[in-house]
Structures are given as C-alpha cells and as structure tokens.
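Kindly generate the corresponding structure for this input.
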Amino acid sequence: GLAEFESNFFPYPLYRDESTTFYNALGSRKMSVKSWNPIKIFRGLRKVYKRLSKKNISGNMTGEGLTQGGIIIFDKNGKARYAYREETGSEVPINDIIAAVKMAKAEDA
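Below you'll find the predicted structure:
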C-alpha cells in the first residue's frame, strides 16, 4: 500500500489522512461506474491496465481501492491554494500542480 507507493514511486513525504479530513474536503468520493456499456467498461479497464503496466505499477487487492482521493497544496500558513480531485483512469495534471506549487511559493516570498 502506502509504504510500497512511497518506496517505489514517490520518494517524498506523504501524509496519511487517518481522520479522513482531506478526503472529506475532496468530496468523500468513491469510484463508480459511469457507463453500463460493457464495451466502454472493457476499453476503460484496458486503458488503465496499459497505463499501469507501462509505469510498472502492479495492483493489489488490499485497502480501499474504490476511494478517490486527490492532491491539496497548502501555502506556508496552511491555507489551501490548489485542489485536484482524482479521476480514475486519468493522468494527474502535473503541469497544473507544478504551477500551483510555484504560485504558492511566490506568494509566500
């Protein structure tokens, strides 16, 4: 789970939201089926599988796999400056996140 993610994919500080405060702020969302069309479901799963395989990420059946989280960027005073709500199957908007970090850093200067 979290330890594997940190050691293999994200060697930076991670914060586990034990009280689910951030999760609730992001909408307390769970993954859901957006279409009951079996062809769309198959294509979506295949697309996610290809992305994970390309990045050498293996899934596991532990934890809460349907929970959708996200990213919240805070300034040095603890004020939220940016929030991204995870969308299963979509890439994280890296450029937006980098821009938000730069903006928060510039405002703190």
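
can we go C-alpha only for contacts and neighbour counts from here?
Will do.

Measure how buried Ser90 is and give me the count.
By the other C-alpha atoms under 10 Å criterion, the neighbourhood of Ser90 contains 10 residues.

now swap in Pro93 and tell me
Pro93 is flanked by 10 other residues according to other C-alpha under 10 Å.

Distance-wise, check it relative to Ala83.
From Pro93 over to Ala83 the distance is 11 Å, taken as C-alpha to C-alpha, to the nearest Å.

do the same with Glu4
Separation of Glu4 from Ala83 (C-alpha to C-alpha): 24 Å.

Look at those two and report which has more neighbours.
Applying other C-alpha under 10 Å to Glu4 and Ala83 shows that Ala83 carries more neighbours, namely 15 against 9.

ok, what's across the strand from that one?
According to DSSP bridges, Ile72 are recorded as the beta-bridge partners of Ala83.

next one: phi and psi at the residue sitting nearest the centre point of the chain?
Per C-alpha atoms, centre = their mean, the C-alpha nearest to the average position across the chain is that of Gly70, at 4.1 Å. Dihedral angles phi and psi of Gly70 (degrees, to the nearest 10) take the values phi 170, psi -160.

if I look at it, how far off is Ile39?
Here the distance between Gly70 and Ile39 works out to 28 Å (C-alpha to C-alpha).

what's downstream of the longest helix seen in the chain, the next helix or strand?
Among the elements of type helix in the chain, defined by DSSP state H, the one spanning the most residues is helix 38-54. For helix 38-54, the succeeding helix or strand toward the C-terminus, using DSSP states H and E, is strand 67-68.

Would you mind listing where the chain has pLDDT under the threshold?
Counting by pLDDT under 70, the ranges of the chain that qualify are 1, 59-65.
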